[in-house]
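Undergrad: next one to model:
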Amino acid sequence: MNAGSVSGLRIDRLVTSGTFSLDGGTWDVDNNVWIVGNDAECIVIDPAHDAAQVEAAVAGRQVTAILLTHGHDDHIAAVGEFRGRVNAPVYLNRADWMLWERVFPGTEPDRAIEDGDTFEVAGARLVALHTPGHSPGSVCFSLESEGTVFSGDTLFQGGPGATGRSYSDFPTIIESIRTRLLTLPADTVVRTGHGDPTTVGAEAPQLEEWIARGH
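TA: So this is what the prediction gives:
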């Protein structure tokens, strides 16, 4: 939990465990679930794996939106149940709706996220940044007042998200990171979809090395 510069705002991190499946493989993963709000209301980013566990972390607050950074099943498989528990709309960039369809056939998210969309909660504003590469519809959420960005699987401590599977592209993710994330202030905290947070300043100097490695 971190005290924010908007009065009463806090950012909670919950780690949930499950699996990620794509291209015929399945892997065990731990996911970060981010909850942004105050004692009355919150937004939940990527309520992964365990809907009951995420609901417990919400602790009775009104959930005004469920924001998905992308459509991979480790991030969205529990969303259907969680949406039913908290009665909140689910947002996902339309370019990843084909991934949603794989998990929830015949259904759609409630609303599409567009680049630049804003989401208000507890006096703070999250801004959607379309950052394709890990998936076509990957989105990060900038929370400027708190000096942080929720990067999903676009940027991690030590490098970009994976691009070796279907619907991903390494040059695209590098361009997204270069133009949308590394342009943020150096002290911006990057709250990732998996693992520990980092900062823009810690990751920016490695850009040329990532490109040279081409992973």
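
Undergrad: switch to C-alpha atoms for all contacts and neighbour counts from now on
TA: Noted.

Undergrad: and residue 56, that's in a helix?
TA: Yes. Assessed by DSSP: H, G, I helix; E, B strand; the rest coil, residue 56 belongs to a helix.

Undergrad: hey, C-alpha coordinates of stretch 181-189 in PDB?
TA: In PDB, the C-alpha atoms belonging to stretch 181-189 read as follows (Å, rounded to 0.1, in the frame of the first residue of the first chain):
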ATOM      1  CA  LEU A 181       6.600   4.900 -21.500                       C
ATOM      2  CA  LEU A 182      10.200   6.100 -21.600                       C
ATOM      3  CA  THR A 183       8.900   9.600 -22.300                       C
ATOM      4  CA  LEU A 184       7.400   9.700 -18.800                       C
ATOM      5  CA  PRO A 185       9.400  11.300 -16.000                       C
ATOM      6  CA  ALA A 186      12.400   9.200 -14.900                       C
ATOM      7  CA  ASP A 187      11.100   8.800 -11.400                       C
ATOM      8  CA  THR A 188       7.700   7.300 -12.600                       C
ATOM      9  CA  VAL A 189       7.100   4.000 -10.800                       C
END
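
Undergrad: centre of the chain to that stretch, how far?
TA: 16 Å (CA atoms, centre = their mean, to the nearest Å).

Undergrad: again, but for stretch 9-27
TA: On CA atoms, centre = their mean, the centre of stretch 9-27 falls 10 Å from that of its chain.

Undergrad: in that stretch, what counts as buried?
TA: The neighbour-count check on stretch 9-27 (16 or more other CA atoms under 10 Å) flags 9-13, 15-16, 19-20 as buried.

Undergrad: using PDB, list the CA coordinates for it.
TA: The C-alpha coordinates for stretch 9-27 follow below in PDB (Å, rounded to 0.1, in the frame of the first residue of the first chain):
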ATOM      1  CA  LEU A   9      -5.900   7.700  -2.400                       C
ATOM      2  CA  ARG A  10      -4.000   4.400  -2.100                       C
ATOM      3  CA  ILE A  11      -2.700   1.800  -4.400                       C
ATOM      4  CA  ASP A  12      -3.000  -1.800  -3.200                       C
ATOM      5  CA  ARG A  13      -1.100  -4.700  -4.800                       C
ATOM      6  CA  LEU A  14      -2.400  -8.300  -4.600                       C
ATOM      7  CA  VAL A  15      -0.500 -11.200  -6.000                       C
ATOM      8  CA  THR A  16      -2.600 -14.100  -7.300                       C
ATOM      9  CA  SER A  17      -1.400 -17.400  -8.700                       C
ATOM     10  CA  GLY A  18      -2.600 -19.600 -11.600                       C
ATOM     11  CA  THR A  19      -1.700 -20.500 -15.200                       C
ATOM     12  CA  PHE A  20      -1.200 -18.900 -18.500                       C
ATOM     13  CA  SER A  21      -2.000 -20.900 -21.700                       C
ATOM     14  CA  LEU A  22      -1.200 -19.900 -25.300                       C
ATOM     15  CA  ASP A  23       0.000 -21.700 -28.400                       C
ATOM     16  CA  GLY A  24      -0.500 -25.100 -26.900                       C
ATOM     17  CA  GLY A  25       1.600 -24.500 -23.800                       C
ATOM     18  CA  THR A  26       0.700 -23.800 -20.200                       C
ATOM     19  CA  TRP A  27       2.800 -22.200 -17.500                       C
END
